[in-house]
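1. from the sequence below, what's the structure:
(chains A and B)
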Amino acid sequence: MDNAILPRNRAADPRMLEKKADWIRLETIRLVEIAKSGHYSSVFSCAEMFAALYYHTLRLKPADPRWPDRDRFLLGKGHAAIGQYPILAELGYFPEDWLDTYTRLGSPLGDHPDMNKVPGCDFSSGSIGHNLSVGVGMALAARLQQRDFLTWVMIGDGELAEGQVWEAAMAAGHYGLSNLIGIVDANGMGLDGNTEDVMNIEPIAAKFESFGWSTNEIDGHDMQAVLAAFDRAQQSDRPHMIVARTKKGKGVGFMETTPYWHLGFLGPADKAVAVAEIQERLDA
Amino acid sequence: MTIAELEKPLDPASWNIQTSMPKLTALTMSAELEELAERRPELVVLTADLASSNGLDSFQRRFPDRFINTGIAEQNMMSIAAGLAASGHIAYVSTFASFASLLCAEQVRTDLAYTRQKVRILSHHAGISMGFYGTSHHAVEDIAITRAMGHMTVVSACDGNAIRGLIRSTIDIDGPVYIRIGRGAEKPVYDAVPDFTHGRFRTLRDGRDATIIATGIGVKAALDAADILADSAPRLSVRVLDAAYIKPIDADAIRAAARETGAILTVEEHNPHGGLGGAVAEILAEGGIAVRFARHALPDEYALVAPPTHLYRHYGLTGDGIATALRTLIGR
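-> This is a model prediction of the structure:
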């Protein structure tokens, strides 16, 4: 068994990472085809960040998914797990043919990730609002055990309407958890429309700063900016929140203009258009 | 305010949370956890601004690094405990039973039970033991709620020694444990820390004419009832079982009680639906066992306000109340 450790912040060509992001989009389209239903646009908004985390930033040991010193990644917006599974398979956490079973009876891979079924999944999610608290617990555990692993938690901007997020934010600030890094995938949309119309959660960064976090705000689709933000976050002396401004459905033109591709299914003609658009970038 | 000022002598008629704690002799969680923590470095304790009400401030003084106070944020506490447990700790969370089971039901189900974390929920002031604090502070649904969660173990302590015995016997269970605890004023049932066996009731008294299966404060009251029934005409010989484990439940003891005594009365400080009585009834019905059976629980309504002992009298959770219910059940 390959027992290699993938070191933190390993060298990665930004152009390669951008291609990984588009590959994640294609894989998401492929897996939704199996389920006949899935969260396309929620993955598309964070695909660049998934690529940067798994192929550059996180310290991982795919042959030993519960290695105590691995960096943790919690996906608070668990409905984007469909974009995480192909990465975990490619990194060797589980056989790639598991992907073909996505959502079928008895598959380890459901719409929301299950830590006890999916090697590489550090905590289950699905109920929005819990995972930042779980991340606080993991960061506290690292401190108690004097381990240097980092805990990353990606949450959605719609998720910020959940009160528990702010309980966790307050606790992380109170405990001064510099080993906890949050990412808000601020794609600006929930199921029912623009987050600012449904329930305004701005200004996001100022709110976290008032809770004792350092923050920075980036374009979450600009790979250089993402890499710089991920590097900077690790230098903070307090919990750090990256507010990543993103576009829901990014990368497929007709998905970028409406919230309704949060959940859906592409018929053959629309799928061909979407795949062609992504493939064109990959071939460029 | 300094500690010295806090500790200055009070008028004997005065009391506050700090001066009243020593009277709550049955709140033994801290003593047990302090002992266990000495040899179990992975043990951590969390509370949500209640350390001075549940006595865990003693643990905090002894193990400050392993004690986490989340402030009044119980749901956050449950999920933080999940993160600690997922990183190798055994986490003991503590709060009022109403908050642990109702406010946090989803965090307990999704973050602790579904994911099978080693988190132990010290759910104190269960039932109506908060008395005149009212329904917001009562927990009469918690057995039903936690019993319906997969991977969950549900235990219920009848006194201070039982709390210690249940904490001890469940420390290595794979998955969460709901530990139902009273307010700390329970009269002793056990004169030493009992050695509980996973999934087993404890027989406190044998008898031929009927069995009382009780849990929590019902256990001491059931023993009182057995005394009353033994001493008044017609004299009855009553078996008393402490249902310390509610899930998994002791099906063998239930079947034996039915077979050997012919009548079962369950006693609990809980809503009649889904609690201990329901769990016992499931075993009897599925076993096709015909037996005289009744549930002696609180009514399916929200309790009156009163001091707890007054409420127990009002709702018949006393020796007299249980004795009357048992005579009604068996018709003599």
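2. residues near the closest residue to B:Arg259 other than its chain neighbours, how many?
-> Leaving aside its chain neighbours, B:Arg259 sits nearest to B:Ile289 (7.8 Å; criterion: Cβ to Cβ, 6 or more residues apart in numbering or on different chains). Just so you know, the C-beta spots here come from the backbone N, C-alpha and C atoms, and that holds for glycine as well. For B:Ile289, the count of nearby residues is 15 (other Cβ atoms under 10 Å in any protein chain shown).
3. helix, strand, or coil at B:Ile289?
-> coil (DSSP: H, G, I helix; E, B strand; the rest coil).
4. give the contact list for it.
-> B:Arg255, B:Ala258, B:Arg259, B:Ile283 (Cβ atoms under 8 Å, 6 or more residues apart in numbering or on different chains).
5. just the closest residue of chain B to chain A, please.
-> B:Gly83 (2.2 Å; Cβ to the nearest Cβ).
6. check which element follows the one helix or strand that residue maps to along the chain.
-> Applying DSSP states H and E as the criterion places B:Gly83 in helix B:74-85. The C-terminal neighbour of helix B:74-85 among helices and strands, as given by DSSP H and E, is strand B:90-96.
7. how far does that next one sit from its chain's centre?
-> In terms of Cα atoms, centre = their mean, to the nearest Å, the gap separating the centre of strand B:90-96 from the centre of its chain is 14 Å.
8. and after that strand, which helix or strand comes next?
-> Downstream of strand B:90-96 (by DSSP H and E), the next one is helix B:97-98.
9. average pLDDT across that next one?
-> When pLDDT is averaged over helix B:97-98, the result is 98.
10. for residue 238, grab the count of nearby residues.
-> You didn't pick a chain, so chain A it is. Neighbour tally, A:Arg238, other Cβ under 10 Å: 17.
11. to clarify, I was referring to chain B.
-> Count around B:Val238 with other Cβ under 10 Å applied: 27.
12. can I get stretch A:94-111 in CSV, CA atoms only?
-> What follows is stretch A:94-111, C-alpha atoms only, in CSV (Å, rounded to 0.1, in the frame of the first residue of the first chain):
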residue,chain,number,x,y,z
PHE,A,94,-11.6,4.5,-2.3
PRO,A,95,-11.9,2.7,-5.7
GLU,A,96,-13.1,4.9,-8.5
ASP,A,97,-15.8,2.4,-9.4
TRP,A,98,-17.6,3.4,-6.2
LEU,A,99,-18.5,6.5,-8.1
ASP,A,100,-20.7,4.5,-10.5
THR,A,101,-22.8,3.4,-7.5
TYR,A,102,-23.6,7.0,-6.5
THR,A,103,-26.9,7.1,-4.6
ARG,A,104,-27.9,3.6,-5.7
LEU,A,105,-29.2,1.2,-3.0
GLY,A,106,-26.5,0.5,-0.4
SER,A,107,-23.9,2.8,-2.0
PRO,A,108,-21.5,4.5,0.4
LEU,A,109,-22.0,7.7,-1.6
GLY,A,110,-25.2,9.6,-0.9
ASP,A,111,-26.2,13.1,-1.6
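13. off-centre distance for it?
-> In terms of Cα atoms, centre = their mean, the centre of stretch A:94-111 is set 19 Å apart from its chain centre.
14. hmm, it in reach of chain B?
-> No. Applying Cβ under 8 Å from any Cβ of the partner chain, one finds stretch A:94-111 separated from chain B by no less than 11.9 Å.
15. and for stretch A:231-243?
-> No. Judged by Cβ under 8 Å from any Cβ, stretch A:231-243 makes no contact with chain B; its nearest approach is 13.6 Å.
16. give me the contacts around that stretch.
-> Taking Cβ under 8 Å, 6+ apart as the rule, stretch A:231-243 contacts A:8-9, A:139, A:150, A:169, A:172-173, A:176-178, A:180-184, A:186, A:204-205, A:208, A:212-218, A:229-230.
17. can you narrow the residues you listed to ones near chain B?
-> A:Ala139.
18. of the contacts of stretch A:231-243, buried ones?
-> A:8, A:139, A:150, A:169, A:172-173, A:177-178, A:180-184, A:186, A:204-205, A:208, A:212-218, A:229-230 (16 or more other Cβ atoms under 10 Å in any protein chain shown).
19. among these, which are located in strands?
-> A:Leu180, A:Ile181, A:Gly182, A:Ile183, A:Val184, A:Ala186, A:Ser214, A:Thr215, A:Asn216, A:Glu217, A:Ile218 (DSSP state E).
20. pretty sure the fourth one sits against A:Gly156.
-> Right, A:Ile183. No. Using Cβ atoms under 8 Å, A:Ile183 makes no contact with A:Gly156, being 9.9 Å away.
21. how about the contacts made by residue 21?
-> Since no chain was named, I'll use chain A. A:Ala47, A:Glu48, A:Phe50, A:Ala51, A:Met223, A:Gly251.
22. let me rephrase: I mean chain B.
-> B:Leu27, B:Ser52, B:Gly55.
23. list phi and psi for it.
-> Phi and psi for B:Met21, reported as degrees, to the nearest 10, are phi -60, psi -40.
24. distance of it relative to B:Ser94?
-> For B:Met21, the distance to B:Ser94 (Cβ to Cβ, to the nearest Å) stands at 14 Å.
25. circling back to that earlier point, so which elements touch the helix holding B:Gly83?
-> Contacts defined by 3 or more Cβ pairs under 8 Å, 6 or more residues apart in numbering or on different chains; DSSP states H and E place helix B:74-85 against helix A:131-145, helix A:163-175, strand B:43-47, strand B:90-96, helix B:105-107, strand B:119-124.
26. run through who's touching that helix.
-> A:123, A:130-131, A:133-141, A:144, A:151, A:164, A:167-168, A:171, B:44, B:46-48, B:68, B:70, B:91, B:93, B:95, B:99-100, B:103-104, B:106-108, B:111-112, B:115, B:117-119.
27. repeat for stretch B:302-309
-> B:128-135, B:138, B:140, B:183, B:185, B:311, B:314-315.
28. just flag the most distant two among these.
-> B:Thr135 and B:Ala185 (20.4 Å; Cβ to Cβ).
29. just list whatever residues bridge to the residue lying closest to B:Arg202 once chain neighbours are set aside.
-> Distances taken as Cβ to Cβ, 6+ apart place B:Asp242 nearest to B:Arg202, at 4.4 Å, with adjacent residues excluded. Beta bridges link B:Asp242 to B:Arg202, B:Ala214, judged by DSSP bridges.
30. B:Asp242 - how many residues pack around it?
-> If we define neighbours as other Cβ under 10 Å, then B:Asp242 has 29 of them.
31. so how far is B:Asp300 from it?
-> Distance of B:Asp242 to B:Asp300, given as Cβ to Cβ: 25 Å.
32. B:Ser169 too?
-> For B:Ser169, the distance to B:Asp300 - Cβ to Cβ - is 32 Å.
33. higher neighbour count, the two?
-> Legend: neighbour count by other Cβ under 10 Å for B:Ser169 and B:Asp300, higher for B:Ser169 (20 against 9).
34. a helix runs through the more buried one, doesn't it?
-> Yes. According to three-state DSSP, B:Ser169 belongs to a helix.
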